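*Asks:* here is the input, now give the coordinates:
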Amino acid sequence: MASRREGLVIAGVCARAFAESAARAGYACWAVDAFGDLDLKALIPAIGLRRDLGWRYSATAAARVARHIGATDVAYVGNFENHPAAVRRLAAGARLLGNAPAVLARARAAQALAAAVAGAGERVPTTLPPARVAAADPAREWLCKPARGGGGTGVRTWTPGSAVASGELVQERARGVLGSLVFLADGARARLLGLSHQLAGEAELGGRGFRYCGSIYPLEPPPEHVPWLEERARALADAVTAAFGLRGVNGLDFVLRGDELLVLELNPRFPASAELMERATGLSIFAAHAAACLGELPGRIPAPGRGSWGKAILYARAEHVMGDTRAWLDRPDVRDVPFPGERIAAGSPICTLFARGASTAECRARLLAAARDIEQELHVDAGPTPS
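*Replies:* So this is what the prediction gives:
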């Protein structure tokens, strides 16, 4: 456990989950993120770029503010993995607990990921840069996505012959069970933490398109996948760790389709589903992350308790002005709490909800019920969101 005398700053779009883990592990922690939500500020000193400074969020701006705090250790969450220069600025004069800028530059390159995944006997769906989209087979389904995106934002269906911007790529659409695997890495070896089911574009949560809406842990794949899934997940974690020299906690998004495990994306930073693993197993994700960054992997990963743990992000269906949300601070099933009177734009997150159930289906049902309750409390029409 870290001494309370040590200073740590965590920066990124939403630092709450990682900062909550770090504070629980005993770190004297600051956070710099886009929101500076009510519950985060109640937990630790936190700076919300928009709320406190009137700045539009960017990784560069977050790094600039974080440097002024003068912490001895720094860590980051999404979207810093897409901005190695901002990570370099964040880490200047401090110890970086996370993947270095040069590692990020390699790990986020589509061709390099495909090669690393092939080394484990798996594959990435056919992925084409703008210069090669003319080769897209019109008989297949395709998606267009930002080359440096995350969380499903900006992903759209694509038809061969349509325009593709310079910062985008085209990828064959893989249909199946959407999942994520989380692992720790020490630069050479990996330790699998677990696999979860991903929720994306959930209309019941106000989600649109392919946007990330939450996770349920552990993953309940069809029975025919059970004998081989974890073994292949471990092989994938080992392969990408060795290929890129990954450190700390990382994630891989994938689709299960028949006997195929198709890798969609490598997230070389704290993945959104990791906090469910902490809740289910009691393992301190931040403490394990920090130790792995320094070359120490845990000898054993605690088994989760029975049942399923879930989180869901509730998005605003229309612009909404929040009422008095202070009572939400006392609810264990609500996080990322907006301030009273805060104006939430349509399509922006309202809060994050948590639930537990005996199965994935029951857990998902409880998450959706919690979302309906929140929307009724806010007097929001909980009808389907148009795609």
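
*Asks:* residues contacting the residue nearest to residue 348 when sequence neighbours are not counted?
*Replies:* In this structure, residue 348 finds its nearest non-sequential neighbour in residue 316, 5.5 Å apart by C-beta to C-beta, 6 or more residues apart in numbering. C-betas here are computed from N, CA, C, even on glycine. Residues near residue 316 by C-beta atoms under 8 Å, 6 or more residues apart in numbering: 206, 344-350, 380.

*Asks:* now the phi/psi pair for residue 316, please.
*Replies:* When quoted as degrees, to the nearest 10, the phi and psi of residue 316 stand at phi -70, psi 130.

*Asks:* on that earlier part again, closest to residue 187 out of the contacts of residue 316?
*Replies:* Checking the contacts of residue 316 against residue 187 with C-beta to C-beta, the nearest one is residue 349 at 33.7 Å.

*Asks:* dump the residue contacts of the closest one.
*Replies:* Contacts of residue 349 (C-beta under 8 Å, 6+ apart): 313-316, 336.

*Asks:* hey, where'd the strands end up in the stretch 251-387 of the chain?
*Replies:* Ranges of strands in the stretch 251-387 of the chain, per DSSP state E, counting those that start in this stretch, are 260-267, 308-315, 320-321, 334-335, 343-344, 349-357.

*Asks:* for the first one, list every residue counted as buried.
*Replies:* Residues of strand 260-267 classed as buried by neighbour count (16 or more other C-beta atoms under 10 Å): 261-267.

*Asks:* can I get those in a markdown table including pLDDT and distance to residue 289?
*Replies:* Compiled in a markdown table, the buried residues of strand 260-267 are given as follows (pLDDT from 0 to 100; distance: C-beta to C-beta, whole Å):
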| residue | pLDDT | distance to residue 289 |
| --- | --- | --- |
| 261 | 95 | 25 |
| 262 | 97 | 27 |
| 263 | 97 | 22 |
| 264 | 96 | 23 |
| 265 | 94 | 19 |
| 266 | 97 | 16 |
| 267 | 97 | 13 |
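
*Asks:* output those in CSV, with distance to residue 110 appended to each entry.
*Replies:* Output for the buried residues of strand 260-267, formatted as CSV (distance: C-beta to C-beta, whole Å):
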residue, distance to residue 110
261, 18
262, 14
263, 11
264, 11
265, 9
266, 10
267, 14
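
*Asks:* pLDDT at the residue nearest to the spatial centre of the chain, what is it?
*Replies:* The centre of the chain sits closest to residue 272, judged by C-alpha atoms, centre = their mean, with a distance of 3.1 Å. Residue 272 is assigned 96 on the pLDDT scale.

*Asks:* quick check: closest non-adjacent residue to it.
*Replies:* Closest residue in space to residue 272, ignoring its immediate chain neighbours: residue 215 at 6.2 Å, by C-beta to C-beta, 6+ apart.

*Asks:* which helices and strands sit right next to the one helix or strand the one you found maps to?
*Replies:* Assigned by DSSP states H and E, residue 215 belongs to strand 212-217. In terms of contacts (3 or more C-beta pairs under 8 Å, 6 or more residues apart in numbering; DSSP states H and E), strand 212-217 is packed against strand 190-200, helix 274-281, strand 308-315, helix 360-377.
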